[in-house]
Structure formats: structure tokens, C-alpha cells
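Asker: With the sequence up front, the predicted model follows.
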Amino acid sequence: MTTTEVDIKKLLEAGAHFGHKTERWHPKMAPYIHSKRAGIHIIDLTKTVSSLQIALDFLNKTASDGKQILFVGTKRQAQSIIREAAETTGMPYVTERWLGGMLTNWSTIGGRVKHLQELENRMASGELANKYNKLEVQRYQEEIDQLNVLYGGVKELNKKPGAIFVADILHDANAVKEAKKLGIPIVAIVDTNGDPTLVTYPIPANDDAIKTIQLIVDYVQQAINTGKSAMKKSADKDEAPEKSSVSQSAVKI
């Protein structure tokens, strides 16, 4: 059963079918290519719809199971779109720079995140302002700001997320490599110059057009929110009998 219906007309309007120049293609994308036009590969949008539908169902299930989905999009066109979707769904994200070991060496990365959180707590409590002069406090704030650029999106990240969503597998190849190494399922937009076999759930589409990225991420956001809502309803149902039982006991007493 599908959780989110994908509209092929919207994909067409967003230019999702425009691939790269034919000489830049990856042979393994052949099953997803419809034709050539003016030296450019045209992606088969019927394949995009079916692939995206499968990916959305997986993300919905992942979210309904209470697992985190790490959003990754460090190239300019994707940064704000990825950040907004992650924040809206309450998921971790990386939009500035993928640091080596972000997933595979979490002990080190986690140490920097913990340092950032401690500084923020000390700043918020007024401890730093009480202990240091204005210039020193300003330097601490600058350090906090710098750390937030690198680690702000992963402050709530568990060591191993349930999935990773990548906007461009070539631009963020290191994120894909680390996720594969740890066996984390990868959902990603894959253009005609990418290798879809690197991804668990490839979504064949234009990964450069802002409208396409926005549309696909909107679908992803919707699927995750639907999954989270289902998890909440399930949790509420589980709690209901306990409350009822307590209430009946109180009446008997």
C-alpha cells in the first residue's frame, strides 16, 4: 500500500526528466533512460514515479518505526531545501560539509558534538558570562557558531540512523560510502551520470534543478511526517488500555 501518491505531471513541470549530456552518462543508468534529445539524456519519468513510490514507502516505514533519517545535501542548490525539510520533520542533517567519519567514526564526531552542547548549555545558563569578560564570552560564542555550522544538524543524531537521504550521490560520495560501509539503507536522487547500484533506493531524476529537488524532498518530507504520525497514533493506542485499567481500579477502590 502506497503512502504518498506521486504526480508524474508535477515531475515533468519541475524538469525532473532532464539528464546530463549523453557523453557524461553512466551505463548503469540505461534502464532509467527514455531517449536522447539535443545531446541530452531524457529520464523515463514512469520509472521515476515507481522508484520514488518505493522509496517513499520505505521512508514512511522507517519513520513509523521511530528510526532517524539523516538528510544530506551539501551542494548549493540543495542546502536550504534539505535543511528546511530536516528541521520540519525533526530529523538530523548535513548541509555544509560532510566531515570524514561522520558515520564511521562517530566516537570522534560525537565528542565534538558533546563539546558543542556543553558550551551551549554553559552559555545559556549564564556560567560563561559570570566567569569571563565580554571579549572572552564573545570568543566562546564564535566557537559555538563555528561548531554549529559543522555539527548543528547532527546534535540529535543517533550513532546509526535508520536511513540516509542524499540529494546528489556524486557531490556527497563520501556520505554514500560511509553509509554503505555501515549497511545503512540509502535513498537518493540519481541523475544520468550517477551509478544507481550504489544506492538502496535510487530515484532517477535531475539532481541539479532546484524545482526537482524541492518536489522530491517535499514528497520525502510528507512520507516521513505520515510515518511519524502513524507511530504516535500507535503509541497512544498502547497507552490507552493502561489508563483505562488505572481508572477502573480507582473506581473499585
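Answerer: Sure thing, it's come through.

Asker: now do the same end-to-end measure for stretch 82-99.
Answerer: 17 Å (CA to CA, to the nearest Å).

Asker: Please point out which parts of that stretch sit buried.
Answerer: If you call a residue buried by 16 or more other CB atoms under 10 Å, then stretch 82-99 has these buried ones: 82-86, 89, 91-95, 98-99. Every residue, glycine included, has its C-beta placed from N, CA and C.

Asker: Spatially, which two of those residues are the most separated?
Answerer: T89 and L99 (22.4 Å; CB to CB).

Asker: Sketch out the low-pLDDT regions of the protein for me.
Answerer: Applying pLDDT under 70 to the chain flags the ranges 1-3, 238-253.

Asker: just to revisit the earlier point, filter the buried residues of stretch 82-99 down to the ones in helices?
Answerer: Under the assignment DSSP state H, the buried residues of stretch 82-99 contribute I82, R83, E84, A85, A86, T89 to helices.

Asker: Which of these sits closest to A63?
Answerer: Looking across these and measuring by CB to CB, the closest to A63 is T89, at 7.7 Å.

Asker: May I have the secondary structure class of the residue lying closest to the closest one once chain neighbours are set aside?
Answerer: Nearest non-adjacent residue to T89, counting by CB to CB, 6 or more residues apart in numbering: I224, 4.6 Å away. Under DSSP: H, G, I helix; E, B strand; the rest coil, I224 falls in the helix class.

Asker: Identify the residue nearest E136 in space, chain neighbours excluded?
Answerer: Closest to E136 by CB to CB, 6+ apart is L128, at 7.9 Å.

Asker: What of T108?
Answerer: T108 sits nearest to G101 (CB to CB, 6+ apart), 5.9 Å away.

Asker: between the ones in helices among the buried residues of stretch 82-99, which is closest to D195?
Answerer: I82 (21.3 Å).
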